[in-house]
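Enquirer: Provided below for reference: sequence and predicted model.
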Amino acid sequence: MPNLRRKLPSANALFVFEAAARCGNFTRAAEELDVSQPAVSRMLARMEDHIGVRLFERVRGGIELTGNGRILYRKIAEGFDGIESAIREIEARAPDMDSVTLSVSTGFTTHWLMPRMARLNAAFPSIDLRFQLISARVGGELVDVDLGMRFLHAGEIDENSVPVMPETLMPVCNPRYQETARTDAGREQGDTVIVMDDEERSWHQRFGAFERHGRRVASTLSFNDYAIVVQAALLGQGIALGWLNVVSHWLSQRALIPAEQEIIVTNRRCCLVAPPGRPLRPIVADVRDWIVEEMRADMRAVERAYPQLGLRDAFRECGLTIG
């Protein structure tokens, strides 16, 4: 931009040139710009002297762009069109539109947030919600976002973090798959275990109920995106390791059910975290609190549907409440 400023007599010269080239006449351009015709002529003469080439040729009834003039006009018109389009986009947004950017997993976005977008939009009609999506394991610094979902150990939780729930894991599947798996033919055939990566290929061994109930793994399905892992379980393709913060909606709707009545609670907490070093905007705090309450409502629904899981007691042991 500094170099461009040196190549022009003034920024206003661009508007004068564009109007003259588009109108094909200095007089009509002057009327459009609400200046005199001599003022347009002088500005364009200065512009030609500054650049060092002729931009217009006088013809009968007006003016005509030279070859150099056509090159310049094409680029200026493209730039002006882009600027005008951006301004229209800004004007189309509500004057009080607030932008909130979330750093969350594709799994959480797909399977928890998307099913309740209508409620979110009703609660925040003037919000412009944006996402920084993570398809692999959730982690990393919060950069250029307002709020992120992260799993933190107790010593990592500070004033920027709001604990939502303990990290809670359970095997999940759809009801149809479970009915088939409990038949004699299903037990003989064995289970299909859905995994996200090599670290979790043997996750089922962490749940004693698998061995106690004589379940065996016959095959595995592996995906590199947890959103697809959960989707495969929803479609009855096998049993997946369910992170409660992602699958709670489907559990509360009974689209997924616990494949075994057993949970594992780790020493990490699922937290909503704001970036340090900058004040938390009220709209971000409101969105955070809305997510927390919605997740707690899911926990209450899951607790009512599957009291044998012991979620309420597990939360209480971690110093959290379902409500």
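Expert: Structure's in. What do you need? Residues are numbered from 1 along each chain as shown.
Enquirer: and the strands in the protein, which stretches?
Expert: Assigned strands in the chain, in chain order: 56-59, 62-65, 98-105, 127-134, 147-153, 161-173, 191-195, 217-222, 239-243, 257-258, 264-273 (criterion: DSSP state E).
Enquirer: helices or strands next to the first one in the packing?
Expert: Spelled out, it's strand 56-59. Here strand 56-59 touches strand 62-65, going by 3 or more CB pairs under 8 Å, 6 or more residues apart in numbering; DSSP states H and E. For the C-beta atoms, the positions are set from N, CA and C on the backbone; glycine is no exception.
Enquirer: hmm, who's touching the strand it packs on?
Expert: Here strand 62-65 makes contact (CB atoms under 8 Å, 6 or more residues apart in numbering) with 20, 21, 24, 25, 26, 55, 56, 57, 58, 73.
Enquirer: in it, what counts as buried?
Expert: For strand 62-65, burial by neighbour count (16 or more other CB atoms under 10 Å) applies to 63, 65.
Enquirer: chain center to that strand: distance?
Expert: With CA atoms, centre = their mean, to the nearest Å as the basis, strand 62-65 stands 50 Å off its chain's centre.
Enquirer: buried residues in stretch 266-286?
Expert: For stretch 266-286, the neighbour count (16+ other CB under 10 Å) marks 268, 269, 270, 271, 272, 273, 274, 275, 283, 284 as buried.
Enquirer: what's the answer for stretch 224-236, then?
Expert: For stretch 224-236, the neighbour count (16+ other CB under 10 Å) marks 225, 226, 227, 228, 229, 230, 231, 232, 233, 234 as buried.
Enquirer: export those residues to TSV and append columns for distance to residue 162 and pLDDT.
Expert: What follows is the buried residues of stretch 224-236, written out as TSV (distance: CB to CB, whole Å; pLDDT from 0 to 100):
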residue	distance to residue 162	pLDDT
225	26	88
226	22	90
227	24	92
228	29	93
229	27	93
230	24	95
231	28	96
232	31	95
233	29	96
234	29	96
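Enquirer: returning to that earlier point: out of the contacts of strand 62-65, who has the most neighbours?
Expert: Neighbour counts for the contacts of strand 62-65, by other CB atoms under 10 Å, peak at residue 20, which reaches 29 neighbours.
Enquirer: how close does that residue get to residue 63?
Expert: 7 Å (CB to CB, to the nearest Å).
Enquirer: quickly list what's touching both of those two.
Expert: In contact with both residue 20 and residue 63: 26, 56, using CB under 8 Å, 6+ apart.
Enquirer: now stretch 293-307, how far from the chain's geometric center?
Expert: Using CA atoms, centre = their mean, the offset of stretch 293-307 from its chain centre is 25 Å.
Enquirer: average pLDDT across it?
Expert: Mean pLDDT, stretch 293-307: 93.
Enquirer: buried stuff in that stretch?
Expert: Across stretch 293-307, burial judged by 16+ other CB under 10 Å covers 294, 295, 296, 298, 299, 301, 302, 303, 306.
Enquirer: for the stretch 201-323 of the chain, which residues score under the pLDDT cut-off?
Expert: Counting by pLDDT under 70, the stretch 201-323 of the chain shows no low-confidence range.
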